[in-house]
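> here is a sequence together with a model predicted from it:
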Amino acid sequence: MLAVKITVGALLIFMIFNLFKAMIVMLKGESEEPMSKYIGRRVLASAAIVILLLLAIATGIITPNPRPY
């Protein structure tokens, strides 16, 4: 369970890092690397988080909160 939390936390930090890198590229204007590279990495990281959480719930590593009703 701790490994899942650490992995999700690392992926979230990776997403924020790529968001700021894309912002820097956008503000500079002309750059060697396209902004879509960093945005694509961010989308890939968010997809990995969703898949990781779904697999962890399906295997029983983590349990979701019970229904509120």
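Here it is on my side, so go on.
> where does residue 63 sit: helix, strand or coil?
With DSSP: H, G, I helix; E, B strand; the rest coil as the basis, residue 63 sits in coil.
> touching, it and residue 57? I think so.
Yes: contact criterion Cβ atoms under 8 Å: residue 63 and residue 57 qualify, at 7.3 Å. To be clear about C-beta, it is placed using only N, CA and C from the backbone, and glycine gets the same treatment.
> next, the buried residues of the lengthiest helix in the chain.
Looking across the chain with DSSP state H, the single longest helix is helix 2-28. For helix 2-28, burial by neighbour count (16 or more other Cβ atoms under 10 Å) applies to 8, 11, 14, 15, 18, 21, 22, 25.
> likewise stretch 27-42?
If you call a residue buried by 16+ other Cβ under 10 Å, then stretch 27-42 has these buried ones: 35, 38, 39, 41, 42.
> got the end-to-end distance for that stretch?
For stretch 27-42, the first-to-last residue distance is 18 Å (Cα to Cα, to the nearest Å).
> look at residue 5 and report its pLDDT.
pLDDT for residue 5: 93.
> since that was my last question, I'll sign off now.
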